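Novice: fold the following.
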Amino acid sequence: MEFFYKNNIVSIESDKKTINFLPDSVEVDSLTIDMAGEYEKGGFLAYAHEHNGFRIYQLRVEGYRVGYIPALLTELSSEEMSFFGDLDILIVPVNPSSHALIEKLEPRLIVIFGDSAYDFGVKIGNTESPVQKYKLKEADLSLEKMGCVVLGESL
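Specialist: I've put the predicted structure just below:
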């Protein structure tokens, strides 16, 4: 599974299929997920949950549970927290107040982007520069410490 960042959009390429994480939807191949529900496309399972006018997403990609929060949020309801369950990877734009939310979700790896993603990564101990392409390695999914990948333009 590879992550890409181009034109402010995060994408995953997996099994020759592309998943685009857009500001208001998720595209799996040619299927646009922009309403709450359960979806299946080309072997990918995707779930969308809507509450108070915003959507959150959970996908199964190569056996991993991937969560996506497209908006800058600082809190989730208990229903939304349980929607995510035990996440392997969380894709989320961040700002300085995102830390508490990410800490509550406890993903094994966060893939962050946005204007303050690099500074946020440094704050939580990530010293790597932003990248536009990242290949997932099993070692990045530690149970001991949350991993962090910053997607964006190089410094």
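Novice: please make it C-alpha for all contacts and neighbour counts, starting now.
Specialist: OK.
Novice: with adjacent residues omitted, what lies nearest to residue 59?
Specialist: Among residues not flanking residue 59 along the chain, residue 46 sits closest, at 4.3 Å (CA to CA, 6 or more residues apart in numbering).
Novice: repeat for residue 85
Specialist: residue 105 (8.0 Å).
Novice: list the contacts of that neighbour.
Specialist: Residues in contact with residue 105 (CA atoms under 8 Å, 6 or more residues apart in numbering) are 81, 84-87.
Novice: follow-up on the earlier one: give me the number of residues near the residue nearest to residue 59?
Specialist: Neighbours of residue 46 under the rule other CA atoms under 10 Å: 21.
Novice: that one pairs with what?
Specialist: On the basis of DSSP bridges, residue 46 is bridged to residue 39, residue 59.
Novice: I figured it was touching residue 35, is that so?
Specialist: No. Assessed by CA atoms under 8 Å, residue 46 is found out of contact with residue 35, at 11.3 Å.
Novice: run through who's touching stretch 5-23.
Specialist: By CA under 8 Å, 6+ apart, stretch 5-23 touches 1-4, 26-29, 61-62, 68, 70-71, 114, 131-133, 151-152.
Novice: so the residue nearest in space to the middle of the chain, which of the three states?
Specialist: Note on the chain: the residue nearest the mean C-alpha position is residue 91, at 1.3 Å, using CA atoms, centre = their mean. Secondary structure state of residue 91, per DSSP: H, G, I helix; E, B strand; the rest coil, is strand.
Novice: across the sheet, point out what pairs with it.
Specialist: Beta-bridge pairing for residue 91 (DSSP bridges): residue 68, residue 111.
Novice: wait, isn't it in contact with residue 112?
Specialist: Yes. Residue 91 lies in contact with residue 112 (CA under 8 Å); the separation is 5.9 Å.
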